[in-house]
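*Asks:* Curious how this folds, go ahead:
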Amino acid sequence: MGASNSSGMTSNMFTVVHGKWTKRVEQGTVGAVERILTKGKNEGTAVYELGFTTLSGHLVSGMLEKADFGWSAKITLHDRNDGQDYLISLPIDSKYLMDISKRLTVIDPEQELIFTLAPSKKKFTKAGSPVYNLYIKQGTKNIDDQYVEWKTGADGKHHPTYMNGIPAPEVDPITGSLDWKAHERFLLGKFKEFFENFEPAIPYVALSEPEEIESIHEEEQEESDDIPF
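*Replies:* A predicted model of the protein is given here:
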């Protein structure tokens, strides 16, 4: 399936920008949208991007990597239909990376993964735009979170239960805010452990990795102001 939306176009390196799987392309590419960078040494530069709602393929690799602008996670999907690799690049504090990490242990490498981004009807960013949720499927079945289960309490509110060793967020005694650092470190450790021992279902020839562009993660950092999970 690869990358898809109403346009049917495809590309091979993605991050999340404004709730879309986004690929940076050359000016003049059909369907591309202009965006002005607002951070980093390239602030003010115009870039051109294609956005997709769904990204899919068979899982073949993953790693944590340090670059000039910080640490990121790289996940590669392989489309058996067209032979293309799709590289996902996410900052390590990305809520989408945490969502993926919570489901790795029950992923079947023989089946295609489907990553879909969709807007929430209830959660919004500080700027007022909808928070985008990541839905992960294999076939027609949603893959459930293996570490946090939400249940409705007597007060009518959703309350989390933390499972399989994941630490709950700590509450700051002064501000009352939640500290997710230990929670996130646990999931990054699970991500690293999983891919150190992972073997894809079939051999494949990896494409050369495209050069990552500085500031490609800036918009997703802005979107992560909301509760991360």
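*Asks:* Please make it C-alpha for all contacts and neighbour counts, starting now.
*Replies:* Noted.
*Asks:* which residues of this protein score low on pLDDT?
*Replies:* Applying pLDDT under 70 to the chain picks out residues 1-11, 202-229.
*Asks:* remind me, longest strand of it?
*Replies:* Ranked by residue count and defined by DSSP state E, the top strand of the chain is strand 54-67.
*Asks:* export that one as PDB, just CAs?
*Replies:* This file holds the C-alpha atoms of strand 54-67, laid out as PDB (Å, rounded to 0.1, in the frame of the first residue of the first chain):
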ATOM      1  CA  THR A  54      -1.800   6.600   5.900                       C
ATOM      2  CA  LEU A  55       1.600   4.900   5.700                       C
ATOM      3  CA  SER A  56       2.000   1.100   5.400                       C
ATOM      4  CA  GLY A  57       4.400  -1.700   4.800                       C
ATOM      5  CA  HIS A  58       6.100  -4.700   6.400                       C
ATOM      6  CA  LEU A  59       8.400  -3.800   9.400                       C
ATOM      7  CA  VAL A  60      12.000  -4.400   8.500                       C
ATOM      8  CA  SER A  61      14.200  -2.300  10.900                       C
ATOM      9  CA  GLY A  62      14.400   0.400  13.600                       C
ATOM     10  CA  MET A  63      17.100   2.300  15.400                       C
ATOM     11  CA  LEU A  64      17.800   5.300  17.600                       C
ATOM     12  CA  GLU A  65      20.200   7.800  16.100                       C
ATOM     13  CA  LYS A  66      22.000  11.000  17.200                       C
ATOM     14  CA  ALA A  67      22.200  13.900  14.700                       C
END
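*Asks:* contacts for the next helix or strand after it?
*Replies:* With elements assigned by DSSP states H and E, the helix or strand that comes after strand 54-67 is strand 70-78. For strand 70-78, contacts defined as Cα atoms under 8 Å, 6 or more residues apart in numbering pick out 56-66, 84-92, 97.
*Asks:* rerun that using 6 Å as the cut-off
*Replies:* Strand 70-78 is contacted by residues 57-65, 84-92 when judged by Cα atoms under 6 Å, 6 or more residues apart in numbering.
*Asks:* Could you do stretch 91-103 as well?
*Replies:* With Cα under 6 Å, 6+ apart as the test, stretch 91-103 has contacts from 72-73, 145-146, 187, 191, 228.
*Asks:* ranking these by neighbours, who comes first?
*Replies:* Among the contacts of stretch 91-103, residue 191 has the most neighbours (other Cα atoms under 10 Å), with 23 neighbours.
*Asks:* Doesn't that one belong to a helix?
*Replies:* Yes. Under DSSP: H, G, I helix; E, B strand; the rest coil, residue 191 falls within a helix.
*Asks:* Identify the residues contacting residue 33.
*Replies:* 48-49.
*Asks:* how far away is it from residue 144?
*Replies:* 34 Å (Cα to Cα, to the nearest Å).
*Asks:* try residue 75
*Replies:* For residue 75 relative to residue 144 (Cα to Cα), the value is 19 Å.
*Asks:* Between these two, point out the one with more neighbours.
*Replies:* residue 75 (19 against 16).
*Asks:* Just say helix, strand or coil for the spatially most central residue of the chain.
*Replies:* In the chain, the residue lying closest to the centroid (Cα atoms, centre = their mean) is residue 96, at 3.5 Å. Secondary structure for residue 96, judged by three-state DSSP, is helix.
*Asks:* give me the beta-bridge partners of residue 141?
*Replies:* Residue 141 has the following beta-bridge partners by DSSP bridges: residue 138.
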